[in-house]
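>>> Coordinates only, no sequence provided:
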């Protein structure tokens, strides 16, 4: 009934908490036993009173009750601390494990799964699984124990009455089991509607000028009205199911009491039951209502958790397409010569090729410029070199060996790459520059900062190099971020330097000075430079022009200009633009 | 100002990592009568529903009080083997007797007769059963009425906030981050929903239930009641204390979770950097550390929960012990009955949940205060442009359809200090096409902003025909324009709706407009034609296609004046030709103002304005300006080079 199989891959995580969970279960056992003892003692007290034995005896019973409830409190405290606590620790390790795992997955995985989707798995799916390991285990074990103990107690008094009292409570479980998923799916739909509202608001606010220019404010309000109203109706739908089930809970809870009163009453009248036993039954029923509700709820948790566990397994089960399986030990990148031989690439599940039959030869220490429109495959080409994604066909050689022959560590440590969107972590500037270089000294950091012409700006920050840059470097300008990203790459002392349109946010003058400054330093490096600004690559040894994944022109700057093709057109356009800039 | 800012950043870097992330501002606010009063006003249109729900709550509370009484009745009546306790007949047993004689039973007959006892028991069960059914219905309607009231009020509030925001000036949207405004319309309003739906009214319900139960207990046995109820204030205090701690940890958890999420998101986006730098291990260690802080926050909160639930249980058993001892002594002394004992027991179990709810609702109220404060903050800011006083202008403005545009000595500054435009004067004749050229930051877009009255000029005036645009109602003024911006706003609606853009435009007009701008191929490329839903930001369209969609949008409204902020994005030559052709068709017969980046567009304009540092430097036709041999001429030389 419960799809336990889905959780099997999580067993190793559970195993580490085994002893804690066992203690927790023991606590639940003792707790349930003492919980059931309370109605028994009340029953006993009533029996004594009924038979007129006297108040002294009752006081003893009352003291026993206090003692037992103290045990119950202590065990219940520890049950929660252990079981729920361990579920939080499992949650933490599961997240850690997932994080480590995705770190090893290649670009094709990340391209397939959107960030938002992945984030959902880190959040709601992990939470759903945690609910299974925490509350679901706790309440199901508790329900089982309480059922066993109280039913044993009740059976010893009267088995028919036991069945009659359990019947309405069983209905509660069934009801929850039935209503829970319904409410869940209705609420999911409700959430979608709320996100429609939020998308509408977001798009409206973000495009305020257009909305105003077209004078469609009223229509936009009308649309919000419609969206809000359907959300309103959906919420009423949810409310209806909730209202029905809530009232039914009340009904069934009281129905149990009525049944007890009737059947128990008839038994008292026929002399088969005394009032004390009746009290015991009454107490047991009060005790059982919550566990029976929990039982239905827990079953829903298991089902939801199983679905989430499957989604998590999709991630944890994904094998990286890039690994060291073909690597030869001890093979090092010495010179940094790069050769592409008929390299093609396409994303999984997509038919269109991103790169097709790309071949070029880049001798060590030379520079290759890559030009092309957006989505012509430039970034993809660059990503193939550090094996961020595997090639689909063809072969890439570094120093004459296929790149798969190098360990990822060796290959990647010989490469420094600055991506198009400079990526800063929410850490200090120094930490961001030294990212990936554990033993960088402050001198070195300052030196590279000087090289990329950002030192003066850093000196204006109150905390200098210890300035925190905020989430994704929000406190910095685009140009500052780009220069820090370049500084980071330089600090790594690579053999191969890959720059993906890295200075788009600084003006061309600054770009030129930065590139000039870097020239001495990058002289011996093999460099691949993608850029929109052709002035950055006029000195490149070779330039290739990409269009829809193919090389359409190649040559050095002057030979490309002579061809009067795409490169020439781009060049003309940009000289005008830079002239416009220069006019200021 | 600067020093304060610096100070702030200094202290920031000394705090821990989580501070880098923005977490929801305030989640609690002390109760304010002013805010609560304002919130209650949203319930006013639904007074009938509110009254109905109060009525239902009163009835259902009364009915829920009946159960334990009937149990007592049964135990002291038919089930009492002592027999004959008729002397002090309560109101309820009189009622039971009446119902009995009505259905043909006489509970007052020979009480020793077993059959008689049984039928008496059945009678009580029958009454109990009917009450349960009635309760089922009332409880259901109560929830529905409450929910309907709350949802109605929430929806009204949401629409009010959104509508209010629609009236705000363009600069308001510049100042306020979109995300924060969205939060006001979504989560803040949602937070009030709970208050509307369950807060106000069921707070009354809980109080009523508590009062009812307390009254019943005292009425049944005052002495025993006063002993038992000693526990009640302890429950309330315990819950309040617990809530306070739980809330503090909840806040801490949210902060940690936000940090972890931001870190995860950051790492996923920067995965390539992490991989190329081979810092997977370091990154995972930091992740694990942040994750560990979240876990600790969770564990702290688990501790309080683990403490709270047993405490409440302890208190309930203490109350039970009081009943057992106190009740037992009185039963022995003959001043209480077993029925009363059961009555106390059953009522007690029903007293605990409203007591706990009460504390819960109090917290709900506090977070609703925080949300409502933010929402009212928005509603109380009004940055809408002043409407003209003389409405007489309306008729006149409409009467002049082909009017030209005239800028008279217009100066403008966004912040009141740095001038963006200085002393700009020009006029555009009806049907004329002008191009504005100039470097980034020369003030080209500002001219558009002023023309559409997103801002009013600091000095000088803008006229259309003879009317100062400040004297024309804003909507009427803007209705004349068709606007195409550089960043194309493709919304997540269907292609057709994106072009219609909520205006009253037929499908034929849309198809026509698309044909005019040579964009029909976009439709044929979509699987579902015009009905194809567009992705966020029009991801499925190419940049050229997005541009054509926005052209079609502007054209479909058949505007008198066309305003284009031409795109500079890297479009290939083929698309560029397509767009140029579309522009040619757009401007035909319309007054057009084009902020131009491509010289091909500029050349075809009737007149060209060259802006430089906020001033109008050159003006004239292409060949005139070339002959002038100024700024413009230099651009042209570069563009066409030796050819």
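That came through fine. In this text, all values refer to a predicted model and were calculated from it rather than measured experimentally.
>>> Return the distance of stretch A:139-156 from the chain's centre.
Stretch A:139-156 has its average C-alpha position 39 Å from the chain's average C-alpha position, going by C-alpha atoms, centre = their mean, to the nearest Å.
>>> all strands for chain B, in order.
Along chain B, the segments classed as strands by DSSP state E run B:405-412, B:421-428, B:433-437, B:459-464, B:467-468, B:481-484, B:561-565, B:591-595, B:607-612, B:615-620.
>>> Could you export these to JSON lines, including columns for mean pLDDT, distance to chain A and mean neighbour count?
Every C-beta, even on glycine, is put in place using the N, C-alpha and C of the backbone. Shown next, in JSON lines, are the strands of chain B (pLDDT from 0 to 100; distance: least, C-beta to the nearest C-beta, whole Å; neighbours: other C-beta atoms under 10 Å in any protein chain shown):
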{"stretch": "strand B:405-412", "mean pLDDT": "88", "distance to chain A": "15", "mean neighbour count": "18"}
{"stretch": "strand B:421-428", "mean pLDDT": "88", "distance to chain A": "15", "mean neighbour count": "18"}
{"stretch": "strand B:433-437", "mean pLDDT": "86", "distance to chain A": "8", "mean neighbour count": "25"}
{"stretch": "strand B:459-464", "mean pLDDT": "86", "distance to chain A": "15", "mean neighbour count": "18"}
{"stretch": "strand B:467-468", "mean pLDDT": "80", "distance to chain A": "17", "mean neighbour count": "16"}
{"stretch": "strand B:481-484", "mean pLDDT": "83", "distance to chain A": "4", "mean neighbour count": "24"}
{"stretch": "strand B:561-565", "mean pLDDT": "84", "distance to chain A": "8", "mean neighbour count": "22"}
{"stretch": "strand B:591-595", "mean pLDDT": "86", "distance to chain A": "13", "mean neighbour count": "24"}
{"stretch": "strand B:607-612", "mean pLDDT": "86", "distance to chain A": "7", "mean neighbour count": "22"}
{"stretch": "strand B:615-620", "mean pLDDT": "86", "distance to chain A": "10", "mean neighbour count": "17"}
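>>> Around residue A:280, how many other residues sit close by?
For residue A:280, the count of nearby residues is 28 (other C-beta atoms under 10 Å in any protein chain shown).
>>> contacting residues around it?
The contact partners of residue A:280, by C-beta atoms under 8 Å, 6 or more residues apart in numbering or on different chains, come to A:39-40, A:42-44, A:153-154, A:157.
>>> Up against chain A, what does the stretch 101-250 of chain B have?
Proximity of the stretch 101-250 of chain B to chain A, by C-beta under 8 Å from any C-beta of the partner chain, involves residues B:114, B:117-118, B:121-122, B:124-125, B:128-129, B:132, B:135-137, B:139-140, B:143-144, B:147-148, B:151-152, B:154-155, B:158-159, B:162-163, B:165-168, B:170, B:173, B:178-179, B:181-182, B:185-186, B:190.
>>> Only the buried subset of these, as a PyMOL command please.
Per 16 or more other C-beta atoms under 10 Å in any protein chain shown, the buried members of those correspond to this PyMOL selection:
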select buried, chain B and resi 117+121+122+124+125+128+132+135+136+139+140+143+144+147+148+151+152+154+155+158+159+162+163+165+166+168+170+173+178+181+182+185+186
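>>> Now, the residues of the stretch 101-250 of chain B next to chain A that are in helices?
Members of those lying in helices (criterion: DSSP state H): B:114, B:117-118, B:121-122, B:124-125, B:128-129, B:132, B:135-137, B:139-140, B:143-144, B:147-148, B:151-152, B:154-155, B:158-159, B:162-163, B:165-166, B:170, B:173, B:178-179, B:181-182, B:190.
>>> Just want the residue of chain A that's nearest chain B.
residue A:436 (2.8 Å; C-beta to the nearest C-beta).
>>> for the strands of chain B, which one sits closest to residue B:246?
strand B:481-484 (51.8 Å; C-beta to C-beta).
>>> Skipping its backbone neighbours, what lies nearest residue B:479 in space?
residue A:215 (5.1 Å; C-beta to C-beta, 6 or more residues apart in numbering or on different chains).
>>> need the contact list for that neighbour.
B:475, B:478-479 are the contacts of residue A:215 under C-beta under 8 Å, 6+ apart.
>>> Equivalent analysis for residue A:401, please.
Residue A:401 touches residue A:331, counting by C-beta under 8 Å, 6+ apart.
>>> Next up, phi/psi of it, please.
phi -110, psi 140 (degrees, to the nearest 10).
>>> ok so, going back, a helix runs through the residue nearest to residue B:479, doesn't it?
No: Residue A:215: not assigned to a helix; according to DSSP: H, G, I helix; E, B strand; the rest coil it is coil.
>>> My read is that residue A:292 contacts residue A:169, right?
Yes: the pair residue A:292 and residue A:169 passes the contact test of C-beta atoms under 8 Å, sitting 4.5 Å apart.
>>> of these two, who's got more company?
Each of residue A:292 and residue A:169 has its neighbours counted (other C-beta under 10 Å); residue A:292 has more, 28 against 22.
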